[in-house]
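1. give me the fold of what follows.
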Amino acid sequence: MILSKIIEVIYYLLLLFLAIRSIISIRYNGFIAKNFLNVYIIITAGLELYSYVLLISKQSPKGILYNFYCLLSILLFYFFYRIYFKRIYLKLFNLIFFSVLFFYLCCTNFYKSDFDVSIGILISLYYIGVSLLWFYYKINSFDEYEITSDPYFWISTGLLMWSCFFLFRVIPMFYFAKVDNEFLEFLHLGQNIINICMYSMFYLALIKYERKLHR
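-> Have a look, this model is predicted:
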């Protein structure tokens, strides 16, 4: 229980730090490609901290907020990655995006007050598809730079790792909430650890961007 709280606090502090850094970056660097990532971080931090305050005050955050947050995340990462892909890869990327958007609008209950699990599954599959497409594109695009010097490497790795774990967590989430609350708490702890890893990778990506700007 204590470990879970410590991990949770570390996650929120990291998210807050990244949000502040993103706000400063947008203010001083103007709106460039990486700022789609900055906007995503700022919105995520705002929603997560708002939800945390509600939980402390014994209130439950509205699931509909996360439904629309997922849609906004899909859009932000679409514009973020769209700048990178070329030719046939851009067409494949557009196919993934518009397919996900169609299923979101036509096959989910995004307008209802409760969080729709199918949206969580959908955004995870979207992140997995986009990340794997980026890795395939990068491997087939020969250049002189190491793959780890590319900010997109860290972002794609973070999204891929987060999505795989989130699928493992969200699919059985409501079943375990009724029959095994201890295992549900373990999954929640694991998710926070994954969140810390992902946002640490996002921080590395932002550092890579800063170095590119100052070359």
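
2. Ile171: neighbouring residues, count only.
-> 13 (other C-beta atoms under 10 Å). No exception for glycine: its C-beta is placed from N, CA and C like everyone else's.

3. residues contacting it?
-> With contact taken as C-beta atoms under 8 Å, 6 or more residues apart in numbering, Ile171 is in contact with Val117, Ile121.

4. so what pLDDT did it get?
-> For Ile171, the model assigns a pLDDT of 71.

5. cool, and Ser124?
-> At Ser124, the predicted lDDT confidence score is 94.

6. what is the lengthiest helix in the chain packed up against?
-> In the chain, with assignment by DSSP state H, the single longest helix is helix 181-213. Under the contact criterion of 3 or more C-beta pairs under 8 Å, 6 or more residues apart in numbering; DSSP states H and E, helix 181-213 touches helix 2-29, helix 35-56, helix 151-170, helix 173-179.

7. out of the ones you listed, which one sits most buried?
-> Burial of those is given as mean neighbour count (mean count of other C-beta atoms under 10 Å); helix 151-170 ranks first at a mean of 20.

8. for it, packing partners?
-> Checking 3+ C-beta pairs under 8 Å, 6+ apart, helix 151-170 ends up next to helix 63-82, helix 117-139, helix 181-213.

9. tabulate the ones you listed (CSV), appending distance to Arg27 and mean neighbour count.
-> Listed next are the helices and strands packed on helix 151-170 as CSV, based on distance: least, C-beta to C-beta, whole Å; neighbours: other C-beta atoms under 10 Å:
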stretch, distance to Arg27, mean neighbour count
helix 63-82, 19, 18
helix 117-139, 28, 19
helix 181-213, 14, 16
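
10. out of the helices and strands in the protein, which is least certain?
-> Each helix and strand of the chain was given a mean pLDDT (mean pLDDT, DSSP states H and E); the minimum falls on helix 173-179 at a mean of 62.

11. and the closest residue to Phe93 other than its chain neighbours, how far from Cys164?
-> Excluding the flanking residues, the one nearest Phe93 by C-beta to C-beta, 6 or more residues apart in numbering is Phe85, at 4.8 Å. Counting by C-beta to C-beta, to the nearest Å, the gap from Phe85 to Cys164 is 22 Å.

12. same question for Leu105.
-> Taking C-beta to C-beta as the measure, Leu105 falls 25 Å from Cys164.

13. kindly report the same for Lys5.
-> Lys5 is 25 Å from Cys164, where distance means C-beta to C-beta.

14. what's the answer for Ile83, then?
-> From Ile83 across to Cys164, the span is 25 Å (C-beta to C-beta).

15. show me the contacts for the nearest residue to Ile194 once chain neighbours are set aside.
-> Excluding the flanking residues, the one nearest Ile194 by C-beta to C-beta, 6+ apart is Phe165, at 4.7 Å. Residues near Phe165 by C-beta under 8 Å, 6+ apart: Gly190, Gln191, Ile194.

16. return the closest of those with respect to Leu160.
-> Distances from Leu160 to the contacts of Phe165, taken as C-beta to C-beta, are shortest for Ile194 (11.0 Å).
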